[in-house]
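Engineer: Attaching a predicted model along with its sequence, questions to come.
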Amino acid sequence: MNTRSPLRIAILGSGKGSNAQAILDAISEGRLNARVVCVLSDVADAFILERARRQGIPAEFISAAPFKTKLEGEGEQRYLDALNRYGAEVVALAGFMRIIKPGLLAAFPNRIINIHPALLPAFPGMESWKQALDYGARVAGCTVHFVDAGTDTGPILLQKVVPVLDSDTAATLHARIQEQEHVAFPEALQLLAEGLVRIEGRRVRLTQ
Ligand code: GAR
């Protein structure tokens, strides 16, 4: 019997929210012992907010202005205030298209995780599935990692591999990777919920 209380997860996203949906589905199907306490987005009309509201999850657009690509200064403070107000224990970046800066990292040490659509350290940055295809990689995949001060550089928690097919376009490869993201992200969060994760330098160890 699981006696731990549900992990309080805040999801941050900028887009359609399919990973947020996968997390919510895993919770309702009993595969993830967690509660999504809020969904926050830097994009006012992002579908991730609509999905959350439909399921009764508090969902807020929070401006990250004045910056366009990072979360810093006043914008960062607004996010910190919301995360504290909702009592978040872990922050899950599910397609949140901003660089996280030291203020948020210090407030949630080793408690911010990100899903990235490539097998890191290959292909960090934007449209990584397209980078993999253009490079001619034979395998691609996704990575769940802890967030540190770099871009897509933190310790790796979990990875899933998919083949790159001769017939692939950027869209078909991205879809195959996303299927695995939807498995990997809830699995990674469940490892945190069970308290099994220990970080030693760059290595993440799973222990009882
Ligand atoms: C996901 O594919 C995620 O890996 C990617 O954004 C997508 C969000 O999809 N994230 C990044 O590229 C971060 N560098 P979703 O809104 O449907 O979950």
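Structural biologist: It's in.
Engineer: mind showing which ranges of the protein have poor pLDDT?
Structural biologist: Under the criterion pLDDT under 70, the flagged ranges of the chain are 1-3.
Engineer: what does it have sitting close to the ligand?
Structural biologist: 13, 15-19, 48, 94-95, 115-117, 178, 181 (CB under 6 Å from any ligand atom). Where you see a C-beta, it was placed from the backbone N, CA and C, and this is true even at glycine.
Engineer: could those residues be laid out in a markdown table, adding secondary structure?
Structural biologist: Converted to a markdown table, the residues of the chain next to the ligand look like this (DSSP: H, G, I helix; E, B strand; the rest coil):
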| residue | secondary structure |
| --- | --- |
| 13 | coil |
| 15 | coil |
| 16 | coil |
| 17 | coil |
| 18 | helix |
| 19 | helix |
| 48 | helix |
| 94 | coil |
| 95 | coil |
| 115 | strand |
| 116 | strand |
| 117 | coil |
| 178 | helix |
| 181 | helix |
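Engineer: Using CSV, list the CA coordinates for stretch 118-125.
Structural biologist: Extracted as CSV, the C-alpha positions of stretch 118-125 are listed here (Å, rounded to 0.1, in the frame of the first residue of the first chain):
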residue,chain,number,x,y,z
ALA,A,118,15.6,14.4,-28.1
LEU,A,119,18.1,12.0,-26.6
LEU,A,120,20.2,14.5,-24.7
PRO,A,121,23.0,15.6,-24.9
ALA,A,122,22.3,15.3,-28.6
PHE,A,123,20.1,18.0,-30.1
PRO,A,124,19.4,20.5,-27.3
GLY,A,125,17.4,23.6,-28.1
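Engineer: residues of it that come out buried?
Structural biologist: Buried residues in stretch 118-125, counted by 16 or more other CB atoms under 10 Å: 118-120, 123.
Engineer: Could you give the separation of that stretch from the chain centroid?
Structural biologist: 15 Å (CA atoms, centre = their mean, to the nearest Å).
Engineer: residues making contact with that stretch?
Structural biologist: Applying CB atoms under 8 Å, 6 or more residues apart in numbering, the set of residues contacting stretch 118-125 from outside is 116, 128-129, 131-132, 135, 137, 139-143, 145, 151-153, 156, 159, 161, 177.
Engineer: let's go with 10 Å and repeat that
Structural biologist: Stretch 118-125 is contacted from outside by 114, 116-117, 127-135, 137, 139-145, 150-154, 156, 159-162, 177, using CB atoms under 10 Å, 6 or more residues apart in numbering.
Engineer: Which residue is the nearest non-sequential neighbour of residue 49?
Structural biologist: Nearest-residue entry for residue 49: residue 59, 4.4 Å, with adjacent residues in sequence omitted and distances by CB to CB, 6 or more residues apart in numbering.
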